[in-house]
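1. Dropping the sequence and predicted coords here.
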Amino acid sequence: MAKKAETKSLLRTKSRGSIRSMFDEVAPTYDFLNHLLSLGIDNYWRAKTADKAKQLLGKNTSPKILDVATGTGDLAASMAKITGAKVTALDLSPEMLIIAKKKYPHITFHEGYAEKLPFGNASYDLVSAGFGVRNFENLDAGMREFHRVLRPGGHALIIEPMIPRNAVMKSLYLIYFKKVLPKIAALFSKSSFAYDYLPNSVEQFPQTEAFIAILKKSGFKSAEYFPMTFETSILYLAKK
């Protein structure tokens, strides 16, 4: 009962301090559980996003890329494989960043949060975010910051979990996501709360056209989305 009340409170407020504490707590098992609970498909989603970034960057031989809500740095590392790319990554969890820096010493990591990015206007060719945007304390402010730090013509690429629109797939997905996943996570993580929060945060997040509207409201002149893997994940693409 206490866990449910805590989840509802965090979903309602999206307190930056509480989100930071939650991710600090799950940091030691974060990578292992990500791969286990997604059956390893999370690596494919990141690779597809990096491929899309490469297409968008075209003939840019030294693109500057910012990865926000980087966690332990896996999406930033995928972006760093793009020839000539200079990748900077940011996260609000110091414990996540300790792991990220050990894994990827060639990437520049910063502690900070999306609503007040510590970078100048028009500093980056591309901004990416993998599975972290729904945790922003203020989603609109975060998207405005993405737009601000992008150069004219630059792109934002955002991956989020998706609730399938097909009724049968949706039912199966929610059973796994809300009943099975938290129990598996509890076997390996001290923070069963985090994996109770996860499916609820996905349900609450604006999906497809609703998020496209937020991107356009934030200043992006165009935006589209690409569902992946039976609509269990979704890639949003926005252009400044």
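-> Perfect, I can see it now. Since the structure is predicted, the reported quantities are computational estimates derived from the model, not experimental observations.

2. So what are the sheet partners of the lengthiest strand in the chain and their directions?
-> Ranked by residue count and defined by DSSP state E, the top strand of the chain is strand 150-161. Under the criterion DSSP bridges, strand 150-161 sits next to strand 124-130 (parallel), strand 233-239 (antiparallel) in its sheet.

3. any chance you could map the helices in the chain?
-> 2-13, 16-37, 41-57, 74-80, 94-103, 139-149, 167-175, 181-188, 192-204, 209-217 (DSSP state H).

4. Throw the ones you listed into a markdown table and include distance to Glu111, thanks.
-> All C-beta atoms are positioned from the backbone trio N, CA, C, and that covers glycine. Converted to a markdown table, those look like this (distance: least, CB to CB, whole Å):
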| stretch | distance to Glu111 |
| --- | --- |
| helix 2-13 | 21 |
| helix 16-37 | 10 |
| helix 41-57 | 22 |
| helix 74-80 | 14 |
| helix 94-103 | 6 |
| helix 139-149 | 16 |
| helix 167-175 | 34 |
| helix 181-188 | 25 |
| helix 192-204 | 20 |
| helix 209-217 | 26 |
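
5. Comparing those helices by mean pLDDT, which bottoms out?
-> Mean pLDDT per stretch puts helix 2-13 lowest among the helices of the chain, at a mean of 59.

6. Excluding chain neighbours, give the residue nearest to Lys101 in space.
-> Phe109 (5.5 Å; CB to CB, 6 or more residues apart in numbering).

7. Spit out the contact partners of the one you found.
-> Thr70, Gly73, Thr88, Ala89, Leu90, Asp91, Leu97, Ala100, Lys101 (CB atoms under 8 Å, 6 or more residues apart in numbering).
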